[in-house]
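>>> Structure of the sequence below:
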Amino acid sequence: MQMTLKEWILLSVLSVLWGGAFFFASVAVKVIPPLTLVFLRVGIAALVLLIFLKAKKEAIPKGKNIWSSFFFMGLLNNLVPFSLLFWAQTSISGGLASILNSTTPMFSILVAHFLLSDEKMALNKVIGVLFGILGVGVLVGGNAMLGMDGAIFGIIACLGAALSYGFAGVYGRRFKAQKIVPSVGAFGQLAATTIMIIPIIIVIDKPWLLPLPGTSIILSVVSLAVFSTAFAYLIFFKLLATAGAVNVGLVTLLIPVSAIFLGATFLNEQLEMQHYVGVSLILLGLVAVDGRIASKAKSLSAE
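Predicted coordinates for the structure are as follows:
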């Protein structure tokens, strides 16, 4: 399934929003326990989307089947991966977490191959994802690998999150079949996650006993919830319905790219040769997965 120019633009925007999520989480998790941070992220985001839906006068579905889908999607796409990633970032860097998160397309390809009839594994997709993962590794270089010693469980947690995202991307396709619009789908799975996480944090974190966080922490949490979650999921579900699970999974390859270029733009950080090489490898990977250039070359050679 090839993506249109509009879908590639939306995918790039999504990568910036989710690239920021690793930064915001790295700041917030220093003070807020991972599970409580998950609750704040999904709870605030659900509230924002509820206001959005009310303003647009969108009806919120009440059917049992639809809400079952919301809860299962919330489990695969929010509760499990957010908890694993936030917990992992208490022991490993956000950069390393983003590298490991970039394995999501590979998991998506494998899951889609076995569970979907229209997204079978193709050689160009495998090659493209391998190029992409190699590019991400070159991009962040050795700096992101610091702190790797003794953090094996954090690494495993990130890979578990990537696998969960792979299943979520495939499962989320049923939203289109159920005629759930992207904004409603985004709200539903966030609201369901909020309901699921409440009893967990009451038992484990007891958030009412935690000290009040400082301004920078509060701003990080709000940014994480509003921009990197509420707004990002509106784009995510729209892309999922039109571009397919595997193509949407490519966003994880672009996230570290977004982080580096945002740093260069807003923090005056200088790009090094490894950054350009990494970006080039990722772009090659995306071209390979997209397949249009290869198809065009094949058709020209056949003429």
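
>>> How much space separates M73 from R41?
Per CB to CB, to the nearest Å, M73 is found 16 Å from R41. Heads up, the C-betas are built off the backbone N, CA and C, glycines and all.

>>> Settle it for me: which of those two has more neighbours?
R41 (30 against 26; other CB atoms under 10 Å).

>>> Dump the host helix or strand of that one to CSV, keeping only the CA atoms.
Per DSSP states H and E, R41 falls inside helix 34-56. In CSV, the C-alpha atoms belonging to helix 34-56 read as follows (Å, rounded to 0.1, in the frame of the first residue of the first chain):
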residue,chain,number,x,y,z
PRO,A,34,5.8,5.8,35.3
LEU,A,35,2.2,4.5,35.9
THR,A,36,1.0,7.9,37.2
LEU,A,37,2.6,9.6,34.2
VAL,A,38,0.7,7.2,32.0
PHE,A,39,-2.5,8.2,33.8
LEU,A,40,-1.8,11.9,33.4
ARG,A,41,-0.9,11.5,29.7
VAL,A,42,-4.0,9.6,28.7
GLY,A,43,-6.4,11.3,31.1
ILE,A,44,-5.5,14.9,30.1
ALA,A,45,-5.5,13.9,26.4
ALA,A,46,-8.9,12.2,26.7
LEU,A,47,-10.3,15.4,28.3
VAL,A,48,-8.9,17.5,25.5
LEU,A,49,-10.4,15.3,22.9
LEU,A,50,-13.7,15.2,24.7
ILE,A,51,-13.9,19.0,24.5
PHE,A,52,-12.9,18.7,20.8
LEU,A,53,-15.7,16.3,20.1
LYS,A,54,-18.2,18.3,21.9
ALA,A,55,-17.2,21.4,20.0
LYS,A,56,-17.6,19.5,16.7
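
>>> Give the buried residues for that helix.
34-50, 52-53 (16 or more other CB atoms under 10 Å).

>>> Same question for stretch 274-284.
For stretch 274-284, by 16+ other CB under 10 Å, it's Q274, H275, G278, V279, L281, I282, L283, L284.

>>> These in strands, which ones?
If you go by DSSP state E, the buried residues of stretch 274-284 have nothing in strands.

>>> which stretches of the stretch 201-303 of the chain aren't confidently modelled?
245-246, 249, 259, 262-264, 266-272, 275, 290-303 (pLDDT under 70).

>>> got the contact list for the nearest residue in space to S26 that is not next to it in sequence?
In this structure, S26 finds its nearest non-sequential neighbour in G94, 4.1 Å apart by CB to CB, 6 or more residues apart in numbering. Applying CB atoms under 8 Å, 6 or more residues apart in numbering, one finds that G94 lies in contact with F22, F23, A25, S26.

>>> The last one: what's it in contact with?
The reference is to S26. By CB under 8 Å, 6+ apart, the neighbours of S26 are Q89, S93, G94.

>>> Same list (these) but as JSON lines, adding distance to N65.
What follows is those, written out as JSON lines (distance: CB to CB, whole Å):
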{"residue": "Q89", "distance to N65": "35"}
{"residue": "S93", "distance to N65": "41"}
{"residue": "G94", "distance to N65": "38"}
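
>>> I'm done for today, thanks for sticking with me.
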